[in-house]
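Chemist: Got a sequence here, can you build the structure:
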Amino acid sequence: MQVAKWGNSLAVRLPRKLVDEMKLKAGDEIEVVKAEGREVAIEKIDKREQFLKAMEQFHWPVPEGYKFDRDEANER
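Modeler: Below is the predicted model:
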């Protein structure tokens, strides 16, 4: 991979194999979870999981049969 300048930051393009393995798509967020020496580990941020944990924390009830799926919600 090649490092490129993007505004005041640096960026890299992710190889297709990694994108497929992590099931990434445009708009997804990733986080660097480890940067040690010459190694970097990333993980996909799961907004769905974060929201469901927040619901538990605040004791918000989830309706029976509720599905939290962005694609399904935006289906026309």
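Chemist: Quick check: Glu21 is in a helix.
Modeler: Yes: when DSSP: H, G, I helix; E, B strand; the rest coil is applied, Glu21 is found to be in a helix.
Chemist: Name the surrounding residues that touch the stretch of helix or strand Glu31 belongs to.
Modeler: Glu31 is part of strand 30-36, with elements assigned from DSSP states H and E. By C-beta atoms under 8 Å, 6 or more residues apart in numbering, the residues outside strand 30-36 that reach it are 22, 24, 40-45. For the C-beta atoms, the positions are set from N, CA and C on the backbone; glycine is no exception.
Chemist: Can you list the strands that it pairs with?
Modeler: Each strand paired with strand 30-36, and its direction, by DSSP bridges: strand 39-44 (antiparallel).
Chemist: pLDDT wise, what is the residue lying farthest from the centre of the chain at?
Modeler: In the chain, the greatest distance from the average C-alpha position (C-alpha atoms, centre = their mean) is reached by Glu64, at 26.4 Å. Among the per-residue scores, Glu64 shows a pLDDT of 78.
Chemist: Specify the local secondary structure of it.
Modeler: The three-state label given to Glu64 by three-state DSSP is coil.
Chemist: show me the contacts for it.
Modeler: Going by C-beta under 8 Å, 6+ apart, the list of residues near Glu64 is empty.
Chemist: what do you get for Leu18?
Modeler: With contacts taken as C-beta under 8 Å, 6+ apart, Leu18 has the following neighbours: Leu24.
Chemist: State the distance from Leu14 to Lys25.
Modeler: 11 Å (C-beta to C-beta, to the nearest Å).
Chemist: sec struct for Trp60, please.
Modeler: Following three-state DSSP, the label given to Trp60 is coil.
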